[in-house]
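Student: Quick one, what's the 3D model for this:
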Amino acid sequence: MWKEWEDLEVLAGDPTQKWSEIILHASPTLAKKELDRLLELLAIYEVAFEESGADLRKFIHTHKEAIEVQKRNIAIESSAKILSENE
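Tutor: The predicted structure follows:
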């Protein structure tokens with residue numbers, strides 16, 4: 001998915017690095033709102049994963065590539081959300 005966004009100058013380069021820059025330079029209100037949203041999603045996913053009985057370490061080890069792709073996708077989505085609310 002992130003290849004689709006590659007031509008946008010504001011998101012040029014590594015999406016996770018750009019996301020960090022956007023979070024650090026966004027208004028404190030927008031940054032807090034987005035970080036709270038991501039923290040809630042992380043908590044939901046962790047609880048769901050733990051309740052499924054799966055082994056998190058094994059899952060991470062066997063799905064490293066897919067996790068990295070999804071990490072970039074989340075960074076792009078989060079960046080776009082912050083930038084769109086900043087206007």
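Student: CA only for contacts and neighbour counts going forward, please
Tutor: Noted.
Student: tally of neighbours for S20?
Tutor: Counted with other CA atoms under 10 Å, the neighbours of S20 add up to 13.
Student: can you tell me which helix or strand L39 belongs to?
Tutor: Secondary-structure assignment from DSSP states H and E places L39 in helix 28-52.
Student: Let me know the next secondary structure element after that helix.
Tutor: helix 56-62.
Student: tell me the mean pLDDT over that next one?
Tutor: Mean per-residue pLDDT for helix 56-62: 91.
Student: distance between it and the chain's centre?
Tutor: 19 Å (CA atoms, centre = their mean, to the nearest Å).
Student: Check what contacts it and list those residues.
Tutor: The contact list for helix 56-62, computed with CA atoms under 8 Å, 6 or more residues apart in numbering, reads F49, E50, I67.
Student: Could you measure from the residue sitting furthest away from the middle of the chain over to V47?
Tutor: Of all residues in the chain, G53 has its C-alpha farthest from the mean position, at 24.5 Å, by CA atoms, centre = their mean. Applying CA to CA, to the nearest Å, the value for G53 to V47 is 10 Å.
Student: That's all I had, so thanks and see you.
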